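1. Predicted structure and sequence below. I'll ask about it afterward.
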Amino acid sequence: MGWIGESIESIKSLQIRQVLTQAVSLGMIVTSALIIWKALMCITGSESPVVVVLSGSMEPGFKRGDILFLHMSKEPIRAGEIVVFNVDGREIPIVHRVIKVHEREDTGEVDVLTKGDNNYGDDRLLYAQGQLWLQRHHIMGRAVGFLPYVGWVTIIMTEKPIIKYILIGALGLLVITSKD
Amino acid sequence: MCAIASVSDNLNSPSPSSEIQILNINWFQKQPHGNDEVSLTMNITADLQSLFTWNTKQVFVFVAAEYATPKNALNQVSLWDAIIPAKEYAKFNLHTSNKYRFIDQGHNLRGKEFNLTLHWHVMPKTGKMFADKIVMSGYRLPEEYR
């Protein structure tokens, strides 16, 4: 009787230990992902260092599903750069090229006009009502690098949530059933 | 692999060339609300073939008028742009009037000296983007509206 109880105890404690190890390793994965993201934020100085292109307005340069790496430096904004900006009243940031810049002599503030390479006209129609120029605070970063297709993963996941849940479920199952 | 492709772009040292002439000032006036606007016709010659490498998807090229005014330390106004999809199209000579409106913030354009700058942005198949420019100076707008 005694040794049976003992062995049951040992099995139980083993399982608890296993579960704990798995929980810890899962936590490690999540936190390291977070660490990488935050580190990227620090290095690039942009609040979202990586963006996925959602529209075709910069085709054929950037296609839907491409990933852009952003950088936000102190350097002034110049014509020709591809910037990511937010417009008041719009949730989704836009990635377009700067076509006009007017920089103040005294304050160094800039008035910027953008346009999508694939669009016919400039972006004044996209800006808030009556807004003629973008200012520095609208701009989240400038695109410095580019990786094709990878962004499709996120596009598919946001547009077809079921796939996301299946993926998360499968990953979860893998973690639970894996034995090392 | 993407990283290697991007790094290999650094081995290319391009030597592009360009020349721009202003053929005509089509019209030049002050808008009702006070900003100067000018319309002009240019002849643009450029050879950007050396920018293309095996990792180049396209080159975005544009011509900007650049000048300073008492209010603005720098004004950059894009006048014309194009996407060059392949090396075959990278050597060109064309006549064009300004594709985008040349409007000043204010009325400082009479007799104004300005630069025409040919900028290019090399967009890679993958990796880092490159940009550079050729500044051409010595252009001047007329002293009177017309």
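-> Here it is on my side, so go on. The structure presented is a predicted model; accordingly, all values stated were derived computationally and were not measured. Numbering: from 1, shown residues only, chains lettered A, B, ... in the order given.
2. going forward, measure contacts between C-alpha atoms and count neighbours the same way
-> Will do.
3. Where is the longest helix in chain A?
-> Using DSSP state H, we find that the single longest helix of chain A is helix A:2-44.
4. helices or strands up against that helix?
-> If you count contacts as 3 or more CA pairs under 8 Å, 6 or more residues apart in numbering or on different chains; DSSP states H and E, helix A:2-44 packs onto helix A:161-177.
5. Need the contact partners of the helix it packs on.
-> A:22, A:26, A:156, A:157, A:158 (CA atoms under 8 Å, 6 or more residues apart in numbering or on different chains).
6. make it 6 Å
-> Helix A:161-177 has contacts (CA atoms under 6 Å, 6 or more residues apart in numbering or on different chains) with residue A:157.
7. same check, this time on stretch A:142-155
-> A:52, A:65-71, A:82-84, B:126-129.
8. Hmm, residue A:112 and residue A:134 touching each other?
-> Yes: contact criterion CA atoms under 6 Å: residue A:134 and residue A:112 qualify, at 5.0 Å.
9. quick one on the thing from earlier: after the longest helix of chain A, next one along is what?
-> With elements assigned by DSSP states H and E, the helix or strand that comes after helix A:2-44 is strand A:50-52.
10. anything in the helix or strand just after that following strand near chain B?
-> The helix or strand immediately downstream of strand A:50-52 is strand A:67-71, counting by DSSP H and E. No: judged by CA under 6 Å from any CA of the partner chain, strand A:67-71 makes no contact with chain B; its nearest approach is 9.1 Å.
11. Which strands border the very next helix or strand once past strand A:67-71, and is each parallel or antiparallel?
-> Of the helices and strands lying after strand A:67-71 in sequence (DSSP H and E), the nearest is strand A:82-85. Strand A:82-85 pairs in its sheet with strand A:94-104 (antiparallel), strand A:139-147 (antiparallel), by DSSP bridges.
12. Out of those, indicate the one that is most buried.
-> strand A:94-104 (a mean of 24; mean count of other CA atoms under 10 Å in any protein chain shown).
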